[in-house]
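using only what follows, build the 3D model:
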Amino acid sequence: MEPLRSEHNPYQDWGVPQGLHHIHDLQAIDQTMPRRYTRLMLIFDFPVISRPAVQNAITSIVRGLEVALSFYPFLAGRVGPLIHPNKEDLVQLRYGDDVDGQRARPEIFGWRIHDGPGCDYMNLCGRGMPVSHLSKQRFCASPTLPSVSNWPPALTLQANFLKSGGLVLCLAVMQCVADDWSIGHFLHVFRDGIRGSRTLKDRNQYRNPGISGYIDAQVLSRIDLSSGMKTINNTPQTVERNYSTGSPRTYIFKVSTEKAKKWRQVIVMFLEESGLAAGKMTIVDCLSALIWVEITRIRQIRCPGPPNRQTKLYRLVDVRDRLFPSLGLSFFGNMHGSSIAVNRVSDFFDPTNASSVSVKQLAAAVVSIHQAAGAVNDTEVRILLADLQELKRPVDFHIPQDVTQFNIAGIKLYSLLGINAYIDYGIPGATSGRKDGRPRWVRRPWLNVTDIDTVYAMPRRRADSDWEFLICLGHLESEAFRMQLEAEPWGFTFVKDTIY
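The predicted model follows:
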């Protein structure tokens, strides 16, 4: 996106704090993202809480962070407003020069030792590691309610040592700076810095390849920008609702690998017997379909409506390798769209048998999810990038206009499996309980009202680990959904993880 450069925008330096001399170009797709943090917790066993052990761990964490910020120097910067003559509500990412090799400044990195109620590590492990009851102000270094007018940091990291034997690393990254796949890249460089396979002496820096070569004004515009989303797009931040949901509630639903494989096999066999190709249907496809169907059924039961109204699942898709030639999987920033799977409520709900789900209903959802994801191709992505370039107020692109009274509000699905956060970080004294340096848990804490209708497929520790889905719904729906899953034979268990 060109407006950040001085020859295109004479106002880019207005209101910029002193010392932030460098600009990291944010693309148009970055400008569509919310101005809030993605927060991620990496949780380790840390059985020996002593001054030497804590200091040794902090030294290693800071070393890894310094190396990562040396490779991605803009992540040590700040996000603030960008005045533009023709566009509205833009942000910019500015950063300063390295000061004596120290990028992990106090506003970026901090650490604490915690004790007291809610911080018993073994108790949390036994309960499946709920974390959102922990104080955001005490466990996260980022501003609780960031405002770009205050130029908040692009990234923060806090090391939280629990006296009862745990280490909680809380990473926060501005959503307009990086998507989940980019956070995964950062974590791998951070790991390399801790382990010493990268050092500050390497002096390597990330080079943004840019996306201008993928943007062709001639493709404008197959999308009617005034009427909302007609093809792939960024995942909607809000959805229109025609029923009461209550305040948000968050649950972590877990199912064993054995059970997940069983249900995939059942669905695949049904599709094959129906003459449909099913070889590439993944476990995530099948479990996502199950969740989508069950939520749709709950809504139809609670708020009956015409059976021909639509139910939608917006699934976040990494489009780096959907472009041709590939943009490169190491591209840092936001580079994703949403495939939109659409079905009628009648595909998922039979009023004559409202108490159970059939394999046919699950198969219909899986096919829709799979076909929608497959439709995200080079042409569609280029159209998206070109259209975004023309938006006067890009952040509005997150608000869908095609949700009508004949629709059931959409479900947003994020797969965090691509983050690959369960790696051996090599932090002294920190283990997964298997003495391998991996986290025991990865969590996304403190979801709130803006996250209602969101499903996260969480990272997995090993190939045989349980599948975990973090699901945020309104209070009434979440309780009905939980009871519905308990009544069905899917084999889900749950952990309540909410601040409300």
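
packing partners of the helix or strand residue 456 falls within?
Secondary structure from DSSP states H and E places residue 456 in strand 454-457. Helices and strands touching strand 454-457, by 3 or more Cβ pairs under 8 Å, 6 or more residues apart in numbering; DSSP states H and E, are helix 283-302, strand 407-415, strand 467-474. (Glycine included, C-beta is placed from N, CA and C.)

low-confidence ranges in the stretch 101-250 of the chain?
Scanning the stretch 101-250 of the chain for pLDDT under 70 picks out the ranges 101-102, 216-246.

parallel or antiparallel, which strands does the strand holding residue 456 pair with?
strand 407-415 (parallel), strand 467-474 (antiparallel) (DSSP bridges).

which of those has the lowest mean pLDDT?
Here those differ in mean pLDDT, and the lowest is strand 407-415 at a mean of 78.

turn the strands paired with strand 454-457 into a markdown table, columns for distance to residue 380.
Listed next are those as a markdown table, based on distance: least, Cβ to Cβ, whole Å:
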| stretch | distance to residue 380 |
| --- | --- |
| strand 407-415 | 18 |
| strand 467-474 | 27 |
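
for the closest residue to residue 83 other than its chain neighbours, what are its contacts?
For residue 83, ignoring the flanking residues on the chain, the nearest one in space by Cβ to Cβ, 6 or more residues apart in numbering is residue 11 at 3.9 Å. Contacts for residue 11 were tallied using Cβ atoms under 8 Å, 6 or more residues apart in numbering; they are 82-85.

nearest to residue 105, of those residues?
Checking the contacts of residue 11 against residue 105 by Cβ to Cβ gives residue 82 as the nearest, at 23.1 Å.

okay, and the beta partners of the closest one?
residue 90.

start at 20, not 1
Sure thing, new numbering starts at 20, so read that last one as residue 101.

returning to that earlier point: which among the contacts of residue 30 end up buried?
Using 16 or more other Cβ atoms under 10 Å as the burial test, the contacts of residue 30 include 101-103 as buried.

so which strand or helix has the residue nearest to residue 102?
Assigned by DSSP H and E, residue 30 falls outside every helix and strand.

do residue 202 as well
Assigned by DSSP H and E, residue 202 belongs to helix 199-214.

quick check, central residue of the chain?
When Cα atoms, centre = their mean is applied to the chain, the residue found nearest the centroid is residue 199 (5.1 Å).

got the contact list for that residue?
57, 335, 433, 435, 437-438 are the contacts of residue 199 under Cβ under 8 Å, 6+ apart.

of those residues, the lowest pLDDT goes to which?
residue 437 (78).

which ones are touching that one?
199-200, 203, 337.

likewise residue 430?
Shown in contact with residue 430 (Cβ under 8 Å, 6+ apart): 310-311, 314, 330-333, 472-474.

state the number of residues packed around the residue nearest to it when sequence neighbours are not counted.
Distances taken as Cβ to Cβ, 6+ apart place residue 332 nearest to residue 430, at 5.0 Å, with adjacent residues excluded. Applying other Cβ atoms under 10 Å, we find 26 residues neighbouring residue 332.

all set now, cheers.
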